[in-house]
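Undergrad: one predicted model, sequence on top.
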Amino acid sequence: MESNRILICSKCNLELEERKVTFSYLERQVSHPIMRCPGCGQVFIPESLVKDKMMPLEKALEEK
Amino acid sequence: MKEYLKQFEQCMEKEVPYCTGECPFHMDVKNFIEKVSRGSMKAAYRAYRDAVGYPAIVNQLCDAPCKNVCPRAEHGGSVELHELERACIDLSGNVPPTDYNLPDKKGQIAIIGAGPSGMSALLRLAAKKYHVEVFEKSDRIGGHLWGEMDPDVFLKDFELQLSVHEHVIHYDSEVTDLKSLVSNTGEPFDAVYVATGAGGEDFGILHENEDPDTAYCCRSGETACFAGGELIGYDPLMAMAGGLAMGVIIDNYLKTKKLYYPKISTGTRMCSDVVYIDDERSSVTASGDIYSKPEAMEEASRCVHCRCSVCSKHCDLVEYTNKWPLQIKDEVQATILEGHSMIKVTPAKRMMSLCNHCGVCKEVCPENIDMDRLFIEGRQKMHQQGKMPWAFHEFWLRDMDQAINEAGGLIMPENMNEVSYLFFPGCQLGASEPDLVLKTYEALKQHQENTGILLSCCGIPAKWAGDAEKYRGILENIRTRWEETGKPVMIMGCMTCLKEFRENLPEIPVVTLFEYMAEWYEAKHEVNGEYCVFDPCAARNEESSADAVRSLAESAGVMLKSLQKNNRFFSCCGHGGNGEIADGEYTRYVAGKRINEDSAPYITYCINCRDLFIREGKDAVHILELMFGDTEQNKKELTVTERQQNRIYLKKKITGLPDREDRMTDKECNRSRVKIPQPLQAKLSALRVLEDDVIHTLEFCMKHNRTVYDREADTYSGYSMIGHMTLWIEFRKLEDDCYELVNAYTHRVKIELEAVWNGIKQDIDLQ
């Protein structure tokens, strides 16, 4: 599972943790927990999340 | 925009079918047929009864004028509507009339004459709970029906339908003077309906005035008088329909006190040949005297529910979305209304971006409704409001900028500032087939030395993206270039560019490359085989170009056969409108329809058609390939990066610069440091991501140290914004400052910047 991978921020050398991140598209906003660096905030979005969550969301917002 | 929206008032989508138009009662035949076809005979009976008042009487009187106009007539025989109505009466049993629980109304109405028209008026007005009294000079009701049918039929029908409505009938009560009429309550009548039959007494109502809307009515003191039925020349059926109509006319009068009595209108605006029937099922013959229920259901199922379906037959978008013109108009109208997306819907965002702008809608519509222009205007409105989903068009706009700026240019023959001819190949021909453009330009120069070439784009991606200002700017630049080069004749290599020039740069003399070359070019290569010429949508009304392409193809040696639909309607290959990002499925659907029109390979004279067909597995060649003998089989689909590189290659070749200079540019140097495996190149192309975008992202991540390291896989991940798009790359570090791309993907939702997260402020290097 991609979410179980140990991911290290190159800048802070800290392990990424799951925190809430806000996204926006076509004047609307949504929030979702995302792996990110507790130091600098660098995020990591795995391809599985893009495919399973983001793409259906994008499609839905484009229909609204 | 308003003018295009207004056009839809003429749309015949909701126009009544031919049979309803012909029916004196304007019966909603589609509703009736739907009920019969699902075997709901009681519901069908009610629909029939509600339309005609007295079903048993009307069924006997009716000579089925609907049959004369039914389009089924030539496809197995007209639908036996009259027989279906008869079957309904027979099969529905004793359906009681409906009595609506309404309060009594104030008006007092007199009806003079208890013939079919008077009795029909009585039914409707009594149902509305008016106080109605009928004055009949004889001792019986029914008028001339006595001589026409079995009295049992009409007397029973009158009795049944009126059984739940209060009314008064005065027999042996001949009226001689309307003013003397007084109701049972002692009050004068508010309205009188005179239905004394053909040649009957009109009490001076007729000939009162010439206005068609009030010709059969007048005021007598406080009383409004209406004449109707056979007295005003109606036939018996129309007389009954007219009687029923009095329910509305007198009701309106009593509410508004305005005299308005239009004649019953029949007919429909539906023109012929707008309904398509593709089976020849014959009318069902009743096994007995009347249809049984299964027979009635089968006969009803033959009805094709006529409505104008021309656009759905030809417009791929209407067919694909299964949205008809009026719904499309409503959705576009809702979408372009101003307002924040949180408080209003914009349902046509995607649909507007799908239209191929082939113009076939206006071409085939009997009312010339131009949905194409509606969508273009809609796209512009969306763009103005900043609501056009950028994802649908951003790549095309970036690609257009590359074609105009990085790979564009005006190249003139040596020592010439002005030319007689200027070749404009368009932005896509050079991206797909740069060598063909080179060969063509050489041939043009050999024929006419003073021929220059303008590598650019006509700006259509900006128009399709709704950015009218940018589009105009590009056209203006072209006009300037044309003026600077001595106002030459422009030789157009792309039919879409030609169409745009004709519409927007009418002062520029243009000729299509094919028309121009057909006059003097001799093919140097013999190509055999049978082909179909696929006409691009932009070639509509360009007959001489279409002919020139055929003559060039034949002179190259091929046998031609026609494509029945495309050659007539110039249907789009699917590329038009750049809708592929909005919905790739639709593009494949349209292309699939086109390539299945004939199994023979196609000759196209638009490179976009050829590229799309090849991608979808169709054997297709561009006419220039035939002319120059470059008909290589199994051409592979180029990636978006290769296409842009082809443009650069073409420019370098024409300007005489070496294809690869001794010293690599920074860009080329960077490219050589990043290894992108072939499957990923294809993936990037499908995502409309340039390999340079990957390199940019990698450089950005490395420069700002914004990467995430995955120990297990020994890879780094990072992202950057390419326009509005977020591009993620996963890569591995190799030796000597080189990298290998492991994965790449994109998303459209934007990550709201980390600056707001957890109170931590971020560097502005995050873009």
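TA: Perfect, I can see it now.
Undergrad: please make it C-alpha for all contacts and neighbour counts, starting now.
TA: OK.
Undergrad: residues in contact with residue B:499?
TA: Residues near residue B:499 by C-alpha atoms under 8 Å, 6 or more residues apart in numbering or on different chains: B:538, B:539.
Undergrad: which element, helix or strand, includes it?
TA: helix B:495-504 (DSSP states H and E).
Undergrad: kindly report the same for residue B:237.
TA: Residue-wise, residue B:237 maps onto helix B:236-256 under DSSP H and E.
Undergrad: in the helix or strand just after that helix, what counts as buried?
TA: Downstream of helix B:236-256, the next assigned helix or strand under DSSP H and E is helix B:293-300. If you call a residue buried by 16 or more other C-alpha atoms under 10 Å in any protein chain shown, then helix B:293-300 has these buried ones: B:293, B:295, B:296, B:297, B:298, B:299, B:300.
Undergrad: from these, which single one is nearest chain A?
TA: Lowest distance from chain A to those (C-alpha to the nearest C-alpha) belongs to residue B:300, with 38.0 Å.
Undergrad: tell me how far that closest one lies from residue B:72.
TA: 12 Å (C-alpha to C-alpha, to the nearest Å).
Undergrad: give me the common contacts of the two.
TA: residue B:79.
Undergrad: hmm, back to that, hey, C-alpha coordinates of the helix holding residue B:237 in CSV?
TA: Only the C-alpha atoms of helix B:236-256 are listed here, as CSV (Å, rounded to 0.1, in the frame of the first residue of the first chain):
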residue,chain,number,x,y,z
PRO,B,236,-70.2,17.8,-37.0
LEU,B,237,-66.9,16.8,-35.4
MET,B,238,-65.6,20.4,-35.4
ALA,B,239,-68.9,21.5,-34.0
MET,B,240,-68.3,19.1,-31.0
ALA,B,241,-64.7,20.3,-30.7
GLY,B,242,-65.9,23.9,-30.8
GLY,B,243,-68.5,23.1,-28.1
LEU,B,244,-65.8,21.7,-25.8
ALA,B,245,-63.6,24.7,-26.5
MET,B,246,-66.4,26.9,-25.1
GLY,B,247,-65.4,25.6,-21.7
VAL,B,248,-62.3,27.7,-22.0
ILE,B,249,-63.6,30.6,-24.0
ILE,B,250,-66.6,31.3,-21.7
ASP,B,251,-64.5,30.6,-18.6
ASN,B,252,-62.0,33.2,-19.8
TYR,B,253,-64.7,35.7,-20.6
LEU,B,254,-66.3,35.3,-17.1
LYS,B,255,-62.9,35.8,-15.5
THR,B,256,-61.6,38.7,-17.6
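Undergrad: and it, average pLDDT?
TA: In this model, helix B:236-256 has a mean pLDDT of 94.
Undergrad: tell me how far stretch B:38-56 is from the chain's mean position?
TA: 35 Å (C-alpha atoms, centre = their mean, to the nearest Å).
Undergrad: in that stretch, what's buried?
TA: B:38-56.
Undergrad: and stretch B:507-523, end to end?
TA: 32 Å.
Undergrad: tabulate the buried residues of helix B:293-300 (JSON lines), appending pLDDT.
TA: Below are those laid out as JSON lines (pLDDT from 0 to 100):
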{"residue": "B:293", "pLDDT": "96"}
{"residue": "B:295", "pLDDT": "97"}
{"residue": "B:296", "pLDDT": "97"}
{"residue": "B:297", "pLDDT": "97"}
{"residue": "B:298", "pLDDT": "97"}
{"residue": "B:299", "pLDDT": "97"}
{"residue": "B:300", "pLDDT": "97"}
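Undergrad: export the helix holding residue B:499 as CSV, just CAs?
TA: The C-alpha trace of helix B:495-504 is given here as CSV (Å, rounded to 0.1, in the frame of the first residue of the first chain):
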residue,chain,number,x,y,z
MET,B,495,-9.4,23.8,-44.3
THR,B,496,-10.1,25.1,-40.8
CYS,B,497,-7.7,27.9,-41.3
LEU,B,498,-9.3,28.6,-44.6
LYS,B,499,-12.8,28.8,-43.0
GLU,B,500,-11.5,31.2,-40.3
PHE,B,501,-9.8,33.4,-42.9
ARG,B,502,-12.8,33.6,-45.0
GLU,B,503,-15.0,34.6,-42.1
ASN,B,504,-12.6,36.9,-40.3
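Undergrad: who does the following helix or strand past it pair up with?
TA: For helix B:495-504, the following helix or strand on the C-terminal side (DSSP H and E) is strand B:510-512. When pairing is defined by DSSP bridges, strand B:510-512 lines up against strand B:489-492 (parallel).
Undergrad: got a list of contacts for the partner strand?
TA: Under C-alpha under 8 Å, 6+ apart, the answer for strand B:489-492 is B:420-426, B:498, B:508-513, B:516.
Undergrad: that'll do, ta.
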